[in-house]
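S.K.: Based on what follows, work out the 3D shape:
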Amino acid sequence: MARKIEFNSQKKPCRYFSEMRISFPVRIILIVIILIFLVSLYYVFRLHLEKYEKLPRLVMVLELDNSGVSLSKEREKKVLDQAIEIYRNRLKYLGLRRVKVNQAGEKRIMIEVFGIEDTTRASQLAKFLEQRAYLEFKLVKPQNEFHDVLKLVDGLLVDNNLVLLPEKSFIAMPQEGIKATTSEEFNPMALFQEEKKEGAMSDSGKTLLAESIKTPFSRLFFQEPYVPQSIERHENYMLVPANNIPLVKEYLSMPQVSSLIDRAEADNLVDYLRYKSPRESSEPDTLEILLGDDDTDVVRQDGIKYKHIYLLKRQPEITGSFLADANATLGGGYDPRTANKPLVLLKFDKEGADSFETITERFIQRDLSIVLDKVVIFAPRIMTRIPGGNAQIEGVATMDKARDLSIVLRAGALSMPIRIVEFRIYTPDSVSKNH
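M.R.: Below you'll find the predicted structure:
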């Protein structure tokens, strides 16, 4: 008789393993192996920590600067989370691996970078991290309109008794046939002192003083800039002697002055339509005055350093939010402006590339400034329509600066300013160095 075989579908396939019994000696051996593994792991981790403890380290505490802006707790947390990610990316792109970036309190971030004890390098890194890296492309206004705005500010200062006394290092700029030696310091108060001593003021002194009183702002600018032949001259910027920069900034910080500049076109105080190109909108623009980057400063043959300054359309044509990539490189070819010189190559995303092509087509023969954190890095002239979403930043002093600039642009911009409130270097055998 055939033997009946039954298949039990309820039988578990892993029943053998579930019913497998481990002898007591084997259990002891397994427990010992697990304990040895855990102890080894602990000592490896401990040695790793001790290795870090023996290294010098830079510790920075950064704080969200939202003065004048009310943020909800949720928004504040989002801003800090974004900043932490940006800082991690910046440090990673720099090639720094032994770092810690964590939130420390409601508005603060602590950054620890191990292996850094040189104060110069630490200061450079702190400045690099503090950059907001907000990139904007803004249209430069013609120099003739800039002149008109300077005259408006002169009138405002004189009419409202807002003229400030210059410091001794102030340099008077020659204007409209008035002779002045720019290599010498000029102090209007010295003219009064000369009159008291000698009883009379020379005709040239009287003329110079009268013009200085009538044009307190525009006389801070050098309106016929000296530019070396090797540098292409652009007519839409102006130059300010470095000694005059503090006074220029003080005037620009006055609410009355900033408001006048901002609304010069909107209030029809300048004939802006004659400065517009045919493809531009006939609507008035809001304006602002920004200084150029230190790397673009010009030194004259007489040894005086001048800084570029620009009148810009306040509203940017495009911002860094459309940036897809940024890389540092050395320029090739035979163009003296770029050959073997540091460049930062920019690449926009699809939407940004389409916008940039439209912008460059609309503003041919106009200067488009590249502004980073309210400083004009470069202001090239648009010679033709630029398709493909590619642009480049020229005039960067060194490859290190080009690399740092490309890193902050690639890592993204901080949505709000963040400032360093604590900066220390710790070494195992010494006290911390405070800065």
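S.K.: how about the strands in the stretch 1-150 of the chain?
M.R.: In the stretch 1-150 of the chain, the segments counted as strands under DSSP state E, counting those that start in this stretch are 57-64, 99-103, 108-114, 135-139.
S.K.: neighbouring contacts of the longest one?
M.R.: Surrounding strand 57-64, the residues in contact under the criterion C-beta atoms under 8 Å, 6 or more residues apart in numbering are 76, 79-80, 83, 104, 107-117, 122, 125-126, 129-130, 416, 418-426, 432. The C-beta positions use only the backbone N, C-alpha and C, and glycine is treated the same way.
S.K.: Please state the offset of it from the chain centre?
M.R.: When distances are taken as C-alpha atoms, centre = their mean, to the nearest Å, strand 57-64 is centred 19 Å away from the chain's centroid.
S.K.: Between strand 108-114 and it, find me the angle.
M.R.: 160 degrees (axes from the mean of the first three to the mean of the last three C-alpha atoms, to 10 degrees).
S.K.: Show me what residue 327 bridges to in the sheet.
M.R.: Beta-bridge partners for residue 327, by DSSP bridges, are residue 345.
S.K.: domain ranges for this structure?
M.R.: When the chain is parsed with automatic domain parsing, its domains come out as 57-131+419-434, 137-164+216-411, 165-215.
S.K.: now the ones you listed as JSON lines including mean neighbour count, distance to residue 27 and mean pLDDT?
M.R.: Output for those, formatted as JSON lines (neighbours: other C-beta atoms under 10 Å; distance: least, C-beta to C-beta, whole Å; pLDDT from 0 to 100):
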{"stretch": "domain 57-131+419-434", "mean neighbour count": "15", "distance to residue 27": "41", "mean pLDDT": "85"}
{"stretch": "domain 137-164+216-411", "mean neighbour count": "17", "distance to residue 27": "53", "mean pLDDT": "88"}
{"stretch": "domain 165-215", "mean neighbour count": "14", "distance to residue 27": "86", "mean pLDDT": "51"}
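S.K.: can you redo these as CSV with distance to residue 28?
M.R.: Converted to CSV, those look like this (distance: least, C-beta to C-beta, whole Å):
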stretch, distance to residue 28
domain 57-131+419-434, 41
domain 137-164+216-411, 54
domain 165-215, 86
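S.K.: Quick check: closest non-adjacent residue to residue 381.
M.R.: residue 367 (5.2 Å; C-beta to C-beta, 6 or more residues apart in numbering).
S.K.: picking that back up, out of the domains of the chain, flag the one nearest residue 40.
M.R.: Of all the domains of the chain, the one in closest proximity to residue 40, counting by C-beta to C-beta, is domain 57-131+419-434 (22.9 Å).
S.K.: quick one: that closest one to chain centroid distance?
M.R.: Using C-alpha atoms, centre = their mean, the offset of domain 57-131+419-434 from its chain centre is 17 Å.
S.K.: Could you do stretch 280-297 as well?
M.R.: On C-alpha atoms, centre = their mean, the centre of stretch 280-297 falls 16 Å from the chain's centre.
S.K.: ok, so what distance separates the residue nearest to residue 112 when sequence neighbours are not counted from residue 356?
M.R.: Leaving out its chain neighbours, the residue that sits closest to residue 112 by C-beta to C-beta, 6+ apart is residue 100, at 4.3 Å. In this view, residue 100 and residue 356 are 38 Å apart by C-beta to C-beta, to the nearest Å.
S.K.: same deal with residue 274?
M.R.: As for residue 274, its distance to residue 356 is 27 Å (criterion: C-beta to C-beta).
S.K.: And for residue 113?
M.R.: Applying C-beta to C-beta to residue 113 and residue 356 gives a distance of 36 Å.
S.K.: Residue 93: which of the strands of the stretch 1-150 of the chain is closest?
M.R.: strand 99-103 (11.8 Å).
S.K.: Just the element for the residue lying closest to residue 61 once chain neighbours are set aside, please.
M.R.: Residue nearest to residue 61 in three dimensions, not counting chain neighbours: residue 422, with 3.8 Å by C-beta to C-beta, 6+ apart. Under the criterion DSSP states H and E, the helix or strand holding residue 422 is strand 418-427.
S.K.: Neighbouring strands - and their directions - for that strand?
M.R.: strand 57-64 (antiparallel), strand 430-434 (antiparallel).
S.K.: outside of that strand, which residues touch it?
M.R.: 56-65, 83, 108-109, 116-117, 119, 122, 126, 129-130, 132, 432-435.
S.K.: all strands for the stretch 201-350 of the chain, in order.
M.R.: Using DSSP E, counting those that start in this stretch, strands in the stretch 201-350 of the chain cover 237-241, 287-291, 298-299, 305-313, 318-319, 323-330, 342-348.
S.K.: Adding distance to residue 268 as columns, could you present those strands in TSV?
M.R.: Below are the strands of the stretch 201-350 of the chain laid out as TSV (distance: least, C-beta to C-beta, whole Å):
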stretch	distance to residue 268
strand 237-241	23
strand 287-291	13
strand 298-299	34
strand 305-313	17
strand 318-319	28
strand 323-330	36
strand 342-348	36
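S.K.: And those: which comes nearest residue 157?
M.R.: Taking these one by one with C-beta to C-beta, strand 287-291 is closest: 14.5 Å.
S.K.: quick one: contacts of the closest one?
M.R.: 141, 149, 240, 245, 252, 258, 261-262, 264-265, 307-314, 369, 371, 374-376.
S.K.: Could you check the angle that strand makes with strand 237-241?
M.R.: Going by the same axes, to 10 degrees, strand 287-291 makes 50 degrees with strand 237-241.
S.K.: Can you show me the CA trace of strand 287-291 as PDB?
M.R.: Provided in PDB are the C-alpha atoms of strand 287-291 (Å, rounded to 0.1, in the frame of the first residue of the first chain):
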ATOM      1  CA  LEU A 287      19.200 104.500  -7.500                       C
ATOM      2  CA  GLU A 288      22.100 103.800  -5.100                       C
ATOM      3  CA  ILE A 289      25.800 104.600  -4.900                       C
ATOM      4  CA  LEU A 290      28.200 101.700  -4.200                       C
ATOM      5  CA  LEU A 291      32.000 101.500  -3.900                       C
END
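S.K.: Sheet-wise, list the partners of that strand with their directions.
M.R.: Partners of strand 287-291 in the sheet, by DSSP bridges, are strand 305-313 (antiparallel).
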